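# Return atomic coordinates for the entry below.
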Amino acid sequence: MTRVNFYVLNAGSGRQRQVFACRLAEKALGHGLRIYIHTDDAEETACLDELLWTFRDGSFLPHLPAEDARQCDRDQLTPIVIGHGDMPDPHDGLLINLSGAVPGFFSQFQRVAEIVSGEESDKALARERFRFYRDRGYELETHNL
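Sure thing, here's the model as predicted:
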């Protein structure tokens, strides 16, 4: 069954959520996981695409937006894919959800990471997602950072 982890940032905004998503992706990549980062829309996907190049000096995380991966990576070698639509195959290791809603395909992943900023509106959406997972019997763990 999919394991769900909530990472609650004690402060911050959407930008801090994105930076934390990059750090989490870097750690997961080091463990050999294939990662899909789910965003709300094309604008956030593009912003995260840029951030994965620049979030930390000296690091590069091999990634592609989902649309590019479908066209350019037919062998599916890119370990990190970013998108806002359907889940690309075969990314089933870690889903990092930056969307306000639970993606319909979340259960295809071994793990789900929900990142929550210090903004009250983000916390309210996260509470809804938490209840969704809990009510369906998923194993939940919360990390207050």
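# Quick one: list the elements packing against the lowest-mean-pLDDT helix or strand in the chain.
Across the helices and strands of the chain, the lowest-confidence element by mean pLDDT, DSSP states H and E is helix 66-72, at a mean of 84. If you count contacts as 3 or more CB pairs under 8 Å, 6 or more residues apart in numbering; DSSP states H and E, helix 66-72 packs onto strand 80-83. Every C-beta, even on glycine, is put in place using the N, C-alpha and C of the backbone.
# can you do 10 Å?
Where contact means 3 or more CB pairs under 10 Å, 6 or more residues apart in numbering; DSSP states H and E, helix 66-72 is packed against strand 35-38, helix 42-54, strand 63-65, strand 80-83.
# Pull up the pairing partners for the first one, direction included.
Sheet pairing of strand 35-38 (DSSP bridges) gives strand 80-83 (parallel), strand 94-97 (parallel).
# Please compute how far the first one lies from its chain's middle.
When you say that, I think you mean strand 80-83. From the chain centre to the centre of strand 80-83 is a distance of 8 Å (CA atoms, centre = their mean, to the nearest Å).
# What's the mean pLDDT across it?
Per-region confidence: strand 80-83 scores 94 on mean pLDDT.
# With just CA atoms, put the helix or strand hosting Ala124 into CSV.
Under DSSP states H and E, the secondary-structure element containing Ala124 is helix 120-135. Extracted in CSV, the C-alpha atoms of helix 120-135 (Å, rounded to 0.1, in the frame of the first residue of the first chain):
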residue,chain,number,x,y,z
GLU,A,120,-3.1,29.2,6.2
SER,A,121,-4.8,28.5,2.8
ASP,A,122,-2.2,25.8,2.0
LYS,A,123,-2.7,24.2,5.5
ALA,A,124,-6.4,24.1,4.9
LEU,A,125,-6.0,22.2,1.6
ALA,A,126,-3.5,19.9,3.2
ARG,A,127,-6.0,19.0,6.0
GLU,A,128,-8.5,18.0,3.3
ARG,A,129,-5.8,15.8,1.6
PHE,A,130,-4.8,14.3,5.0
ARG,A,131,-8.5,13.4,5.7
PHE,A,132,-8.8,11.9,2.2
TYR,A,133,-5.8,9.6,2.7
ARG,A,134,-6.7,8.7,6.4
ASP,A,135,-10.4,7.9,5.5
